[in-house]
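**Q** everything below, folded, please.
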Amino acid sequence: MNNIHAIILAAGKGTRMNSTKPKVLQTLSNNTLLGHVLVQAKHISQKVHIVYGFGGDQVKQAINDESINWVEQAEQLGTGHAVSQATPYIEDDSISLILYGDVPLIQLETLSQLINAANSTGVALLSVVLDNPTGYGRIIRHNDVIQAIVEQKDAMPEQLEVCEVNTGIMAVNTQLLKKYLSNLDSNNAQGELYLTDIIESAVNDGKVIASVVTTDAFEVAGVNDKVQLAELERIFQQQQANQYMQQGLTLKDPARFDCRGSLSFGKDCEIDINTLIEGKVSLGNNTSIAPNCSIKNAKIGDNVTILANSVIEGAVINNGASIGPFARIRPQADIGENAKIGNFVEVKKSIIGKGSKVSHLSYVGDTIMGSDVNVGAGAITCNYDGVNKHQTIIGDNAFIGSDSQLVAPVTIGKNATIGAGSTITKESPEDQLTLSRSKQITMKNWQRPTKK
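**A** Next comes the predicted model:
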């Protein structure tokens, strides 16, 4: 059966988060908890149904996906009640895959195994063996065959000794699911309609309950407070780091690496400690990133060196370039081959030509810079007049002296030289020296002030 419907339960308030946001909108690696689950659900199902409750408008707005069937659970009457809100929208000849919006690390391979098991028997659940099962519903077996799930508050003392627990994630033939949901009652310690009670109904109906037992407790861990959220963040990052290292990336310390987006890389790339990757980032071959860098939505070429404490966002860094230390490369910057952007340099919305150097303490904005340009320390482009941005054009092989201000719109010709300390407001011709300075004078009879 290939018709899979994912039902994601996302109605909880998450009081222990102490947040104005619903629990499923808390973020792990720059994606909401619900967003992580949704990625897997969309991979494996033909249709996704999200059961929402508290903060429903926030949840809908944050996910912003018209392909989802949003189903409101107006009253919080238990997991069984929540699932029953979605089943009227699902045809009988299908498999319903029940997921939870606060269980973000569930893996596609596990869900595939669960669905395959449900195709065979009609009902399949996902369990995990815990050293400390306190608080979880116990899987009750007889001769290794699942008989029921008993919640902690309803369990007998001998049942509390069981360490195999229910994760809540299950796959069920939808026709059977509807049948068993209709038989639920709230005669239990919580006074709720437990989804888990359908297992006992299925057993009484003569069904064999298939199971998939995961060995990864974090894969099925829910998030109830900020401590658990931080714990899963580290697990998620560790898993990513391990995957990248297996693919050939050198991480100096995988415990001090965070990728909150997607990272692709070539051969022999190296990333030092405390680097943060966000958005979509690609690295070419033989590129190195020094400690304490932040890189977001950037395309970085071969043989690039990014030195410590540099920030790169929305930029292209071409082959052989050197960035930093302490450089900031802002959106729409394109740094040419073998160019150098040095310490305390900021570049925004500019093209830096091949082999050009902006080595220290400079700002370059809204500029088209040719090849082999040399920009001295403290030089800036004055691109903003308080209302509008203006462009500076610098020709090939120009030399911009230290502490110069290029007041845009302005053009600096090829091979031109700008004398140090100049304020340039007009076109500077090719092959010539242009400078603007007041005359230097010395006051012979000047007396330095003394303190009264």
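**Q** what ranges in the chain fall below the confidence cut-off?
**A** Scanning the chain for pLDDT under 70 picks out 1.
**Q** which parts of the protein are helices?
**A** Along the chain, the segments classed as helices by DSSP state H run 33-44, 56-63, 79-86, 108-121, 174-181, 197-204, 226-246.
**Q** contacting residues around the fourth one?
**A** The set of residues external to helix 108-121 that reach it, using C-beta atoms under 8 Å, 6 or more residues apart in numbering, is 1, 4, 40, 43-44, 95, 97, 124-126, 169-173, 207-212, 214, 219. Heads up, the C-betas are built off the backbone N, CA and C, glycines and all.
**Q** tilt between that helix and helix 174-181?
**A** 80 degrees (axes from the mean of the first three to the mean of the last three C-alpha atoms, to 10 degrees).
**Q** tell me the buried residues in helix 108-121?
**A** Residues 110, 111, 113, 114, 115, 117, 118, 119, 121 are the ones in helix 108-121 that count as buried (16 or more other C-beta atoms under 10 Å).
**Q** where's the fifth one relative to residue 23, distance?
**A** Right, residue 115. According to C-beta to C-beta, to the nearest Å, residue 115 stands 26 Å off from residue 23.
**Q** and for the fourth one?
**A** For residue 114, the distance to residue 23 under the criterion C-beta to C-beta works out to 24 Å.
**Q** before we move on, the earlier item: residue 428: which of the buried residues of helix 108-121 is nearest?
**A** Using C-beta to C-beta, residue 111 is the member of the buried residues of helix 108-121 that lies nearest residue 428, at 64.6 Å.
**Q** circling back: which of the helices of the chain sits most buried?
**A** Most buried of these by mean neighbour count (mean count of other C-beta atoms under 10 Å) is helix 79-86; its value is a mean of 23.
**Q** what packs against that helix?
**A** Helix 79-86 is packed against strand 4-10, strand 47-52, strand 69-72, strand 95-100, helix 174-181, with contacts defined by 3 or more C-beta pairs under 8 Å, 6 or more residues apart in numbering; DSSP states H and E.
**Q** could you redo the last one with a cut-off of 7 Å?
**A** With contacts taken as 3 or more C-beta pairs under 7 Å, 6 or more residues apart in numbering; DSSP states H and E, helix 79-86 sits against strand 4-10, strand 47-52, helix 174-181.
**Q** need the contact list for the nearest residue to residue 118 once chain neighbours are set aside.
**A** Using C-beta to C-beta, 6 or more residues apart in numbering and skipping the chain neighbours, the partner closest in space to residue 118 is residue 171 (3.6 Å). Contacts here follow C-beta atoms under 7 Å, 6 or more residues apart in numbering; on that basis residue 171 touches 95, 97, 114, 115, 118, 124.
**Q** before we move on, back to that, I'd like to know which of the contacts of helix 108-121 are buried.
**A** Buried among these by 16+ other C-beta under 10 Å: 4, 40, 44, 95, 97, 124-126, 169-173, 207, 209-212, 214, 219.
**Q** need the helices of the chain in CSV with distance to residue 286, can you?
**A** Shown next, in CSV, are these (distance: least, C-beta to C-beta, whole Å):
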stretch, distance to residue 286
helix 33-44, 32
helix 56-63, 40
helix 79-86, 51
helix 108-121, 32
helix 174-181, 53
helix 197-204, 55
helix 226-246, 16
